[in-house]
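> Model the structure of this input:
(one chain, ligands or ions: 1)
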Amino acid sequence: MVNELLFNEFELDQKDIPEKMRAVILRKHGGPEVLKIEEIPVPKPGPDEVLIKVAATALNHLDVFAREGLKGPGVPKMTLPHISGVDIAGHVVGYGPTLTLQPEAPKKGTRVLINPGIGCGTCRTCRNGELSMCSDYQILGEHRWGGLAEYVVAPAKNIIPIPDHISSETAATVPAVYTTAWRGVVTVGQVRPSDRVLIIGASGGLGSAQLDIAVAAGATVIAVAGSEEKRKKCLEMGATAVFDSHGNWHEKVMEWTNHEGVDLVLDSVGAPTFRKSLNCLKMGGKLVLSGATAGDFPEISIREIYQWHRQVLGAPLGNWEDFLQVTDYVWQGKLKPQIHAIYRLEEIAQAQIAIDERRHFGKIVIKIS
Ligand SMILES: [Zn+2]
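Residues are numbered from 1 along each chain as shown. Sure, this is the predicted structure:
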């Protein structure tokens, strides 16, 4: 009976929801020219799902990888056609048929942020809140259609309200990079105020979030970035020292630390920087990996790991607690996500070129409605 009532409620909503929406549909892999806007039917939410009218979606390298059809170990299989877009803010316009909708679930019209991580919900790691450890783990925008569209369907349990003083554009910068950065710096890296933290690629979406969090934690932060302008911005965000990614930064880091090395390195560049990052660690230091945007087969000597009591740790995305803790910090103004530029949906190709060329500092956001 309840099921039927709620289903009817959604059916009634249909009069306010158009039949068609604009979306960036990937029908084949390739360069930015494959990004085309089409009019397609608005998706219908299934059981325990919610329909969101998208306000803003932040881009990630994931969107570029989805377009290019990246293949490799650990890269999920994608089926075409596909709509990417992982980081989504918008407002609730309808619920699908459901029996389990909680009374505290955001009402229609509420502005919400989506946690893009989806687990099976019943396995041991899901029950522990560790969605990204679930063998059935999915990411909205990667395994399911995402937010580069006017409407998106998400599990009702994955949305949280956005406070009035936070813009949808700012909220959209948080889920992927800030949750991953919180996981890497706080949960896995266990940063302490006395730590020296080295951040490789500190100007990117993830790097600038790691910098923001490490500075907020009171650590001494050394940032490596590729241009004078980006390094200046890192200093403004609270980095104590900055070095050029095109130079011999690893030697400079060692000089700067009196050849002691640092406590924690965050490297998401991958193969080209892995060995240098590892050798900037002091005895017993931690190297945290959250990506491999420039390649995933580094040349290393494993002696450089074990002889130095070093730890190499993975931090892909985060758990529910990481997501809730970091959003809370952003809502409180203790963290300041950096928006490099805001593009319209029609400018998606230019926006992806900008992220691919790495000229940006922080996030690139697509304003959708
Ligand atoms: Zn699970």
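> Spell out which residues of the stretch 101-250 of the chain are next to the ion.
For the stretch 101-250 of the chain, the residues in contact with the ion (Cβ under 5 Å from the ion) are Gly119, Cys120, Cys123, Cys126, Cys134. Any C-beta I mention is one placed from the backbone N, CA and C, and that applies to glycine too.
> how about the CA coordinates for the helix or strand encompassing the fourth one, as PDB?
Just to be clear, that refers to Cys126. Taking DSSP states H and E as the definition, one finds Cys126 inside helix 124-127. Output of helix 124-127 as PDB, limited to C-alpha atoms (Å, rounded to 0.1, in the frame of the first residue of the first chain):
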ATOM      1  CA  ARG A 124      30.600  -6.900   5.400                       C
ATOM      2  CA  THR A 125      32.600  -3.800   4.100                       C
ATOM      3  CA  CYS A 126      29.400  -2.000   3.100                       C
ATOM      4  CA  ARG A 127      27.900  -2.600   6.600                       C
END
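> Filter the residues of the stretch 101-250 of the chain next to the ion down to the buried ones, PyMOL style.
The PyMOL command for the buried members of those (criterion: 16 or more other Cβ atoms under 10 Å) is given here:
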select buried, resi 119+123+126+134
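> Redo the residues of the stretch 101-250 of the chain next to the ion as CSV? Include distance to Phe297.
Listed next are those as CSV, based on distance: Cβ to Cβ, whole Å:
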residue, distance to Phe297
Gly119, 29
Cys120, 31
Cys123, 31
Cys126, 31
Cys134, 27
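> Dump the residues of the stretch 101-250 of the chain next to the ion into TSV; add pLDDT as well.
Listed next are those as TSV, based on pLDDT from 0 to 100:
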residue	pLDDT
Gly119	92
Cys120	92
Cys123	96
Cys126	93
Cys134	94
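> Could you identify the pair within the residues of the stretch 101-250 of the chain next to the ion that is furthest apart?
Greatest spacing in these, by Cβ to Cβ: Gly119 and Cys123 (7.1 Å).
> Ser208: what's it in contact with?
Residues in contact with Ser208 (Cβ atoms under 8 Å, 6 or more residues apart in numbering) are Val177, Ala202, Met237, Pro337, Gln338, Phe361, Gly362, Lys363.
> Can you tell me how far it is from Thr173?
Distance of Ser208 to Thr173, given as Cβ to Cβ, to the nearest Å: 9 Å.
> So for those two, which residues contact both of them?
Pro337, Gln338, Gly362, Lys363.
> would you turn the residues you listed into a markdown table with secondary structure?
Formatted as a markdown table, these follow (DSSP: H, G, I helix; E, B strand; the rest coil):
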| residue | secondary structure |
| --- | --- |
| Pro337 | coil |
| Gln338 | coil |
| Gly362 | coil |
| Lys363 | strand |
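> Name the residues of stretch 38-48 that are buried.
Buried-residue list, stretch 38-48, by 16+ other Cβ under 10 Å: Ile40, Val42, Pro43, Lys44, Pro45, Pro47, Asp48.
> and the end-to-end length of that stretch?
End-to-end distance for stretch 38-48, by Cα to Cα, to the nearest Å: 27 Å.
> For Lys36, which non-adjacent residue is closest in space?
Distances taken as Cβ to Cβ, 6 or more residues apart in numbering place Ile25 nearest to Lys36, at 6.4 Å, with adjacent residues excluded.
> Buried residues in the strand or helix carrying that neighbour, which are they?
Here Ile25, judged by DSSP H and E, is contained in strand 20-25. For strand 20-25, the neighbour count (16+ other Cβ under 10 Å) marks Met21, Arg22, Ala23, Val24, Ile25 as buried.
> Test my guess that the fourth one contacts Ile83.
By that I understand Val24. Yes. Look at Val24 against Ile83 with Cβ atoms under 8 Å: they come within range, at 6.4 Å.
> hey, what's in contact with both of these two?
Common contacts of Val24 and Ile83 (Cβ under 8 Å, 6+ apart): Leu148, Ala149.
> need the helices for the stretch 51-200 of the chain, in chain order.
61-68, 124-127, 168-172, 179-182 (DSSP state H, counting those that start in this stretch).
> From Thr173, how far off is Asp48?
Per Cβ to Cβ, Asp48 is found 27 Å from Thr173.
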